[in-house]
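**Student:** dropping a prediction and its sequence here:
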Amino acid sequence: MQIGKSIYNILYNDSEVNALVGTRIFPNVAPQTTTFPFIIYDVTGVQPNDTKDGASTLDTNDVMISCYSETYSQASDLAQKIRVAMDRINEGTYGGEQIQSSQFQSYNDIFDDTSGDAGIYRKALDFEIRQINPTGTPTPTFTNVYSLAFDGSDSYLKVTNNYGVLTGSFSMWFKRNTNTFGYLMDSRGDLGTGVGYIIVSVGAITASSGTVYLDGIASTTAPSDTNWHHILVTGISLSINNDFKLGARYNEIDVLNGNIDEVALFNTTLTSTDVTTIYNNGVPTDLSSMSGLSGYWRMGDPNGQSSYPTITDDSSNSNNGTMTNMVAADIEQNVPS
């Protein structure tokens, strides 16, 4: 029942559709502040194809994909590009789901004039998408699609927990939009009376304690570019019995202007071999089975913007984070690769 992941994947990765809407592809409803044009998709029905041997291994999904624009010509252009992208695709895996076929069915031309002269043009396309269901218990597939964007002003992720005081390791991926000062993590609590922080500034990375590794190598030199980088601090002392913040200082200032992804907390001091494994030549990898994992925040994966405002802790501790002064669109399809 994850057909939406496939729809998003197909449309987002089509260069002509992407050129018009980028990440403005939403299930069911778009945020009120979304700019035109954009796409909304709805699953209007699912028919299982049951067999004598048991549950259906093939579902037929009725899907409506609507594009919205302020001009008729742009809406028509986008609708045509959606049809080309979705109709009669090759059988394969899209967004982690196996699709047998996708076929265009019908089309509706709609004009919403409730806003007066500034009406909205909508083109609604209907597709029949056949999705193959795996037999037995599926093996989870690790995919990294989303990261969390911080505005450099007042946004942050707050994680309430009961870890107490520990000495361990902290791992995350980050990128900056500007070469400016910002907090990646602060575990000193709302009053700043505890210990533990990681800062990136102009030319330097500063951790309150421990050894800093940047992109798999021990280094405290901050990159000046806008690319993705991996940081891991081993032997860092943290006091996080109340809460800690990602992307901001304990008192909610010095906010990062950039993105954070795949954050992990370990209750052990990781080795240099562990550091190399996690860096994985610049591509995030699944950390869920690593020893000592105490917290694992994937920053929107696997559910995307529907996760808002909760960023789930995928470790066994379930210390979820709350997006603060943020919106669903801050869960972005912008990741290390």
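**Tutor:** Nice, I can see it. Being a predicted model, the structure only gives us computed values, none of them experimental.
**Student:** show me the shaky parts of the stretch 151-300 of the chain.
**Tutor:** 162, 240-242 (pLDDT under 70).
**Student:** what distance do you get for the spatially closest residue to Asn259 that is not a sequence neighbour to Gly164?
**Tutor:** Counting by Cβ to Cβ, 6 or more residues apart in numbering, the nearest residue to Asn259 once its immediate chain neighbours are dropped is Ser147, at 4.5 Å. Every C-beta, even on glycine, is put in place using the N, C-alpha and C of the backbone. Separation of Ser147 from Gly164 (Cβ to Cβ, to the nearest Å): 29 Å.
**Student:** what segments of this structure are helices?
**Tutor:** Across the chain, reading from the start of the chain, the helices by DSSP state H fall at 3-12, 15-21, 72-86, 272-279.
**Student:** of all these, which one is nearest Asn251?
**Tutor:** Across those, the minimum distance to Asn251, taken as Cβ to Cβ, is reached by helix 272-279, at 30.0 Å.
**Student:** list the buried residues of the closest one.
**Tutor:** Across helix 272-279, burial judged by 16 or more other Cβ atoms under 10 Å covers 274-275, 278-279.
**Student:** closest to Phe142 out of these?
**Tutor:** Phe142 lies nearest to Ile278 out of the buried residues of helix 272-279, by Cβ to Cβ, at 13.2 Å.
**Student:** ok, now how distant is the closest one from Thr193?
**Tutor:** Applying Cβ to Cβ, the value for Ile278 to Thr193 is 30 Å.
**Student:** which non-adjacent residue is nearest the residue nearest to the spatial centre of the chain?
**Tutor:** Per Cα atoms, centre = their mean, the C-alpha nearest to the average position across the chain is that of Tyr146, at 1.9 Å. If the residues on either side of it in the chain are set aside, Tyr146 comes closest to Gly300, at 3.1 Å by Cβ to Cβ, 6+ apart.
**Student:** circling back to that earlier point, now do the residue nearest to the centre of the chain, the pLDDT please.
**Tutor:** Listed pLDDT for Tyr146 reads 95.
**Student:** ditto for Tyr72
**Tutor:** Per-residue confidence (pLDDT) for Tyr72: 91.
**Student:** which residues does it contact?
**Tutor:** For Tyr72, the set of contacting residues under the criterion of Cβ atoms under 8 Å, 6 or more residues apart in numbering consists of Tyr121.
**Student:** Leu214 reaches His229, doesn't it?
**Tutor:** Yes - because the distance of 6.2 Å satisfies Cβ atoms under 8 Å, Leu214 is recorded as touching His229.
**Student:** between those two, which contacts overlap?
**Tutor:** Contact criterion Cβ under 8 Å, 6+ apart; residues bridging Leu214 and His229 by contacting each: Pro223.
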